[in-house]
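Q: build me a structure from this.
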Amino acid sequence: MADIKVTQLPELTTPTDDDILPIVDSPSSGATTKKITKANLLASTAPLVHTHTASTVTDFQAAVAANTAVAASTAHSTNTANPHAVTKAQVGLVLHVRDSCRVRRRPAAVAAAGAWAAGVRAGRRGGRVGVGG
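A: Sure, this is the predicted structure:
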């Protein structure tokens, strides 16, 4: 196998850290062929980091606006028409009528109903309506 070109060797598509690669050391001054493991080769190189500063990014807003996935996500997240048909019961806002004058909420919903309860206590909802846990 000494008389074969490197380009004629079979290709290895999944190298492991202990695989050995040929390397030419100091090709400009008395080149010497040596070996190196994949692990040592990768350990001697800088980590692959890709960063940008704000000044190097151009047309970012235009690219985001033109991205259909971003547009769909934005449209969905700002949709207040209850696109998933979530019910009051699913979020703990079920009202229980105790009698014609009193409405009680489940304890789980009381914490979330602060503004509504404040309005009831202040008499802005009319009638004798009480909120309790």
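
Q: Lys35 and Pro22 touch, don't they?
A: Yes - using CB atoms under 8 Å, Lys35 is in contact with Pro22, at 6.3 Å. In short, each C-beta sits where N, CA and C put it, glycine included.

Q: I'd like the mean pLDDT over the longest helix seen in the chain, please.
A: Taking DSSP state H as the criterion, the chain has its longest helix at helix 68-77. Here helix 68-77 scores 84 as its mean pLDDT.

Q: which outside residues touch it?
A: Val64, Ala65, Pro83 (CB atoms under 8 Å, 6 or more residues apart in numbering).

Q: where strands are concerned, which of these count?
A: Judged by DSSP state E, the subset of these located in strands is empty.

Q: which among those count as buried?
A: Among the contacts of helix 68-77, not one counts as buried by 16 or more other CB atoms under 10 Å.

Q: let's have the residues you listed in CSV, adding pLDDT and distance to Pro15.
A: Shown next, in CSV, are the contacts of helix 68-77 (pLDDT from 0 to 100; distance: CB to CB, whole Å):
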residue, pLDDT, distance to Pro15
Val64, 82, 38
Ala65, 81, 42
Pro83, 76, 48
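
Q: how many other residues sit next to Gly30?
A: Gly30: 7 surrounding residues under other CB atoms under 10 Å.

Q: how about the helices in this protein?
A: Secondary structure of the chain (DSSP H): helices located at 38-43, 60-66, 68-77, 107-110, 114-121.

Q: contacts for the second one, please.
A: The set of residues that contact helix 60-66 without belonging to it, under CB under 8 Å, 6+ apart, is Val70, Ala71.

Q: what about dumping the CA coordinates of the longest helix of the chain to CSV?
A: What follows is helix 68-77, C-alpha atoms only, in CSV (Å, rounded to 0.1, in the frame of the first residue of the first chain):
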residue,chain,number,x,y,z
THR,A,68,-42.5,33.2,7.6
ALA,A,69,-42.0,31.1,10.7
VAL,A,70,-41.4,34.3,12.8
ALA,A,71,-44.5,35.9,11.2
ALA,A,72,-46.7,32.9,12.0
SER,A,73,-45.4,32.7,15.6
THR,A,74,-46.0,36.4,16.1
ALA,A,75,-49.5,36.2,14.7
HIS,A,76,-50.3,33.2,16.9
SER,A,77,-48.9,34.7,20.1
